[in-house]
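>>> This is the structure alone, sequence omitted:
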Ligand SMILES: Cc1ncc(COP(=O)(O)O)c(C=O)c1O
């Protein structure tokens, strides 16, 4: 039975927001601000377990955001948390890396088709920035091509939020449209003989828009243009990596990058990022000075080794695809029955659900808020995330809730 909740902010959540307003900029910053969600969404959480979350007021949710991607085998997965605890008993932050770093680099080189080496950092932005710097260092050239609207991190060369960013920060960035070979060719022409790299997301997953899978012909063109210009093809696999495939998200379409950026799902929520590269970039990667105080943390690397074992043993990407497809088929049938137009896009493991005639996202917001009241945590604009912990009965529970939410949206 759905757990009926009201959609008011809970008293503990409200009290924490009030305290935070005094000591945290804006009460909260960045993409995890509850103010970016319909009123009623909690800001603060107490715990997670499998595919469930509890907010600080004790309200339980079936989770379709998975911490915005990192939680891939389920909150507090025992195999991952045991590996972390074992490592913590030995030490986490030491005077250099532990054995875990070599084991993890070997594991990633073994799994990821294009990878001959791996280096580690903490956040996705570290990894994308390292890839860009490495492309420039290795080629001796400056221009980096990015798709308009793509998210690659929260630093001046790529943040979508221009506050505090100068034109000079972007002097050597040129934009193209994802899946549009003509616009990519124009950007390559503009770069002339100064093209260092082309950075592409695994698929088009821009905030608030329908998602687009990569057109294989476009991907092949990216590869050919990078080769023709002796530039790097950089794949930003931070969001999709290890959810769509354990071998790299473009492996399925037969296009291998030179460099890939990884983070989010790599260690099931423990902080870790990685850059993988091919032989061509090995020498340059050895020359590059990249580092951070916490980048060798052994506990996160132990978590990553355990996460990859679980994903491989249980064929995680395929399980998430099947659960996501069940959700998608159910939503499509309900939308049809209720006469509500919805657009579902992206890979089933990372679904986006947008409503027709909903430029201000009012219908989508009402839909997710009705679902939230009944204990299902969805997002009205961003892609969502399945995990290995979602079962058929979880998806069916979610669908029983969305059926009711559709009834309400149909009346709007
Ligand atoms: C595709 C992509 N690249 C890079 C990043 C930046 O990662 P982080 O927030 O860990 O710095 C994100 C984060 O959402 C992302 O989705």
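Sure thing, it's come through. Bear in mind that the values here come from a model prediction, so they are computed numbers and not experimental data.

>>> what's downstream of the helix or strand where residue 85 lies, the next helix or strand?
Element membership for residue 85, per DSSP states H and E: helix 78-90. Using DSSP H and E, the helix or strand that follows helix 78-90 in sequence is helix 99-111.

>>> Which elements pack onto the next helix or strand after that next one?
Moving toward the C-terminus from helix 99-111, the next helix or strand (DSSP H and E) is strand 117-121. Packing partners of strand 117-121 (3 or more C-beta pairs under 8 Å, 6 or more residues apart in numbering; DSSP states H and E): helix 99-111, helix 124-139, strand 273-277, helix 282-287. C-betas here are computed from N, CA, C, even on glycine.

>>> For strand 117-121, which strands pair with it and how are they oriented?
Neighbouring strands of strand 117-121 in its sheet, by DSSP bridges, are strand 273-277 (antiparallel).

>>> how deep is residue 318 tucked in, by neighbour count?
By other C-beta atoms under 10 Å, the residues close to residue 318 number 11.

>>> Quick check: the gap between it and the ligand.
22 Å (C-beta to the nearest ligand atom, to the nearest Å).

>>> Wait, a strand at residue 209?
No. Under the criterion used here (DSSP: H, G, I helix; E, B strand; the rest coil), residue 209 is coil, not part of a strand.

>>> what phi and what psi does the backbone show at the closest residue to it other than its chain neighbours?
What sits nearest to residue 209 in space, not counting adjacent residues and going by C-beta to C-beta, 6 or more residues apart in numbering, is residue 149, at 7.1 Å. Backbone torsions of residue 149, given as degrees, to the nearest 10, read phi 80, psi -10.

>>> residues contacting residue 149?
Neighbouring residues of residue 149 by C-beta atoms under 8 Å, 6 or more residues apart in numbering: 160, 178, 204, 206, 209.

>>> Please flag which of these sit within strands.
Using DSSP state E, no member of those sits in strands.

>>> Let me know the closest of those to residue 190.
Within the contacts of residue 149, the smallest distance to residue 190 is 17.0 Å, found for residue 178 (C-beta to C-beta).

>>> circling back: what's the PyMOL line that selects buried ones from the contacts of residue 149?
Of the contacts of residue 149, the buried ones go into a single PyMOL selection, burial set by 16 or more other C-beta atoms under 10 Å:
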select buried, resi 178+204+206
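
>>> I'd like the contacts of residue 149 as TSV, with pLDDT and distance to the ligand appended.
Compiled in TSV, the contacts of residue 149 are given as follows (pLDDT from 0 to 100; distance: C-beta to the nearest ligand atom, whole Å):
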residue	pLDDT	distance to the ligand
160	95	11
178	98	12
204	98	11
206	95	10
209	96	14
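
>>> So which residues on this structure come close to the ligand?
123-125, 128, 151-153, 201, 236, 238-239, 263 (C-beta under 6 Å from any ligand atom).

>>> on that earlier part again, for the helices and strands packed on strand 117-121, which one ends up most surrounded?
Neighbour counts (mean count of other C-beta atoms under 10 Å) averaged over each of the helices and strands packed on strand 117-121 peak at strand 273-277, with a mean of 27.

>>> List the contacts of that one.
104, 108-109, 112, 114-124, 126-127, 130-131, 134, 238, 258-263, 266, 285.

>>> again with stretch 40-50
7-10, 12-13, 16-17, 20, 27-28, 33-34, 53-59, 63, 67, 71, 74-76, 369, 372-373, 389.

>>> So which of the residues you listed are in strands?
53-55, 63.

>>> for the protein, what spans make up the helices?
11-23, 78-90, 99-111, 124-139, 181-191, 216-228, 282-287, 298-313, 316-338, 362-373, 392-410 (DSSP state H).

>>> Next, format those as JSON lines and append mean pLDDT.
What follows is these, written out as JSON lines (pLDDT from 0 to 100):
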{"stretch": "helix 11-23", "mean pLDDT": "97"}
{"stretch": "helix 78-90", "mean pLDDT": "98"}
{"stretch": "helix 99-111", "mean pLDDT": "98"}
{"stretch": "helix 124-139", "mean pLDDT": "98"}
{"stretch": "helix 181-191", "mean pLDDT": "98"}
{"stretch": "helix 216-228", "mean pLDDT": "98"}
{"stretch": "helix 282-287", "mean pLDDT": "98"}
{"stretch": "helix 298-313", "mean pLDDT": "98"}
{"stretch": "helix 316-338", "mean pLDDT": "98"}
{"stretch": "helix 362-373", "mean pLDDT": "97"}
{"stretch": "helix 392-410", "mean pLDDT": "98"}
